[in-house]
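> Fold the following for me, if possible:
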Amino acid sequence: MAKKAKAAARKPNAAFMKPVTPSAALAEVVGSKPIPRTEVTKKLWAYIKKNKLQDVKNKRMIKSDAALKPIFGGKATVNMFEMTKLVSKHLK
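Okay, here's the model as predicted:
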């Protein structure tokens with residue numbers, strides 16, 4: 001029985017695990033070392049929470065500060081889905 005459960009476990013998607021290099025603007029928030037996309041998102045959320053950049057009423061909205069503004073294309077606020085799209089432009 002134990003073998004069957006192990007086989008059913010999802011494998012991590014290789015594309016998400018491949019290290020990507022952040023742009024200079026993004027490196028200010030997540031660091032300049034190549035890291036997987038999943039880590040980029042984790043570090044970005046850690047930064048957002050640490051600096052209280054989440055909208056209090058609508059938690060899906062993220063306010064940009066001086067470091068995030070260039071990443072968010074100069075927008076003052078973005079929703080979390082738009083954030084992922086904007087961040088992907090800063091990854092190589």
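> Return the set of buried residues in the helix or strand hosting K42.
In this assignment (DSSP states H and E), K42 forms part of helix 37-50. By 16 or more other C-beta atoms under 10 Å, the buried positions in helix 37-50 come out as 37, 39-41, 43-44, 47-48. C-beta here means a position set from N, CA and C on the backbone, and glycine is covered the same way.
> by contact count, what packs against the helix or strand that comes right after it?
Using DSSP H and E, the helix or strand that follows helix 37-50 in sequence is strand 61-63. Packing partners of strand 61-63 (3 or more C-beta pairs under 8 Å, 6 or more residues apart in numbering; DSSP states H and E): strand 77-79, helix 80-88.
> Switch these over to CSV; also include distance to N58 and mean pLDDT.
Formatted as CSV, these follow (distance: least, C-beta to C-beta, whole Å; pLDDT from 0 to 100):
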stretch, distance to N58, mean pLDDT
strand 77-79, 8, 96
helix 80-88, 10, 92
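> So for A27, which of the ones you listed sits nearest?
helix 80-88 (12.1 Å; C-beta to C-beta).
> Pull out the buried positions in that closest one.
Across helix 80-88, burial judged by 16+ other C-beta under 10 Å covers 82-83, 86-87.
> Now do the contacts for the residue positioned nearest the centre of the chain.
Taking C-alpha atoms, centre = their mean, the centroid of the chain lies closest to T41, which sits 2.1 Å from it. T41 is in contact with 84, 87, counting by C-beta atoms under 8 Å, 6 or more residues apart in numbering.
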